[in-house]
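Participant: starting from these lines, generate the structure:
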Amino acid sequence: MYDVIAPDPNESDVPAGCGPLLPISAADKKPLRRQIFEHVRAAGRAARTDVTRALEISAGSATTLSADLISAGLLREVEGLPRESGRGRPPVALEVVPEARHVIGIKLSDENHSAVLTDFAGQMLADATLPTPPNRKSLDELLEEVDALMDLVLKAAGKSLADISAVAIGMSGIVDHETGTVPWSPLLSDQDADLAAAFLARFGVPLHVDNDANVLTLAELWFGAGRSMSDFAVVTIENGVGMGMVLENRLFRGSRGMGLELGHTKVHLDGALCRCGQRGCLEAYLADYALAREAATALHRNPRNLQSPNAMLDALFAQAKSGNDAARTIFQRAGRYLSVGLSNVVQLFDPELIILSGARMQYDYLYAEEVLAEMQKLTLHHGRSPCRIETHTWGDLVWARGATALALAAVTDSALGDIYT
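Facilitator: Coordinates of the predicted model:
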């Protein structure tokens, strides 16, 4: 269980590397320049001989194409890889030029907005967090909040907006990654908001937008437990219930880019009211507002009071741990609904691993042995080993860092395309 994805303490000067470590499938081969660049960035530092072996290309191709990347200012030669024999000059290696590009990743949420600024090698240079003003807001009001947040993180890094090649935002709701529009979000009063266009018009910097569960999944794929895995799922429980999926070493979004809305799958016809306006959604039994709704009754609180859902849930959890049966029953019921949702994920996608994440995973009732046992009971797994479940309770910065992966991928596309022009 982790709190934050942060730069690993590294006694050597070798960059930690970021990005998927597994090779891409033969059906999805990228241009060799892109493969070489991404291999070096994932490794942190790699000799040309490592590149030729890993990508199964000739030494001549590796030399020629890496020279193009060096000439473009994207890679550089360095010394310092460990010698195999302990004699002679250390072999020359390649590494990403970190200052070649800079990006900002942002997580927008009901409680806090967070930002991380990284260089082209994926190294964090600065972060910032601001409390979220209450209530839904217009697109212009949301951009005001983003402006204040970016100003903080730019000052912390000693950078200006002119130094930033791209920004990426992860937020809850229905988000169309391809168009940069937000058909619906609990953070916005506007529907079908063209966030990417409004951001570009205001700041002059390209914006890439995705569902927050997807950017958290990218954090796992680029910086976390998923770097060496081809298939895994991330299920998040916070203000809502989200899901991200990696299939064949790539983030899967569905045919229209808006799939995997696990929180809005139906688990009870004509059931509890969800904030999306429909009834019976999984989220309506698991999310913060759903648990807080029942907590007010269990704790004999006035439902009109202004206590935050977080404070209400912390009080409910304390009561459950101290033996309050009503409080414990609320968490146990939520755990049963979670087991239904997880069993459906396993049944549909058969992932190697499901990572449970988000602030609510601090409540151990949601990943208790009986919850996972019921998930397995609801899943057809005859003759195969059950799906592994891990729980990662991370802070807001990991979501923002996942958004930097989205921005880095887009900036890499642009930078590598520039070589051909």
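Participant: could you use CA atoms for every contact and neighbour count after this?
Facilitator: Fine.
Participant: helices and strands around the host helix or strand of Leu313, which ones?
Facilitator: Secondary structure assigned from DSSP states H and E places Leu313 in helix 309-321. Under the contact definition 3 or more C-alpha pairs under 8 Å, 6 or more residues apart in numbering; DSSP states H and E, helix 309-321 sits against helix 288-298, helix 325-349.
Participant: nearest to Met375, of those helices?
Facilitator: In terms of C-alpha to C-alpha, the element of the helices and strands packed on helix 309-321 nearest to Met375 is helix 325-349, at 4.5 Å.
Participant: buried sites along the helix or strand bottoming out on mean pLDDT in the chain?
Facilitator: Taking mean pLDDT, DSSP states H and E as the measure, the helices and strands of the chain show their lowest mean at helix 288-298, namely a mean of 84. Across helix 288-298, burial judged by 16 or more other C-alpha atoms under 10 Å covers 288-296, 298.
Participant: what of stretch 196-212?
Facilitator: Of all the residues in stretch 196-212, those buried under the rule 16+ other C-alpha under 10 Å are 196-199, 205-212.
Participant: residues in contact with that stretch?
Facilitator: Identification of contacts with stretch 196-212 by C-alpha atoms under 8 Å, 6 or more residues apart in numbering yields 107, 143, 164-177, 179-181, 195, 242, 399, 406-407.
Participant: can you tell which of the helices and strands packed on helix 309-321 is closest to Thr49?
Facilitator: helix 325-349 (37.2 Å).
Participant: so what strands line up beside the very next helix or strand once past the closest one?
Facilitator: Counting by DSSP H and E, the next helix or strand C-terminal to helix 325-349 is strand 353-357. Here strand 353-357 is paired, per DSSP bridges, with strand 232-237 (parallel), strand 388-392 (parallel).
Participant: relative to helix 325-349, how tilted is the shortest one?
Facilitator: In other words, strand 388-392. Calculated by axes from the mean of the first three to the mean of the last three C-alpha atoms, to 10 degrees, strand 388-392 forms an angle of 130 degrees with helix 325-349.
Participant: and after strand 388-392, which helix or strand comes next?
Facilitator: Per DSSP H and E, the first helix or strand lying C-terminal to strand 388-392 is helix 396-418.
Participant: okay if I get the helices and strands packed on helix 309-321 as a markdown table plus distance to Gly44?
Facilitator: Formatted as a markdown table, the helices and strands packed on helix 309-321 follow (distance: least, C-alpha to C-alpha, whole Å):
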| stretch | distance to Gly44 |
| --- | --- |
| helix 288-298 | 39 |
| helix 325-349 | 32 |
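Participant: out of those helices, which is closest to Leu221?
Facilitator: Leu221 lies closest to helix 325-349 among the helices and strands packed on helix 309-321, at 17.3 Å (C-alpha to C-alpha).
Participant: which elements pack onto the closest one?
Facilitator: Using 3+ C-alpha pairs under 8 Å, 6+ apart, helix 325-349 sits against helix 283-286, helix 288-298, helix 309-321, helix 369-377.
Participant: quick check: closest non-adjacent residue to Met150.
Facilitator: Closest residue in space to Met150, ignoring its immediate chain neighbours: Ala115 at 7.1 Å, by C-alpha to C-alpha, 6 or more residues apart in numbering.
Participant: mind listing residues that contact the helix or strand hosting the one you found?
Facilitator: Using DSSP H and E, the element containing Ala115 is strand 112-119. Residues outside strand 112-119 that contact it (C-alpha under 8 Å, 6+ apart) are 98-108, 124-132, 149-150, 153-154, 157, 396-397, 400-401, 404.
Participant: try it again at 7 Å.
Facilitator: For strand 112-119, contacts defined as C-alpha atoms under 7 Å, 6 or more residues apart in numbering pick out 98-99, 101-108, 124-132, 149, 153, 396-397, 400-401.
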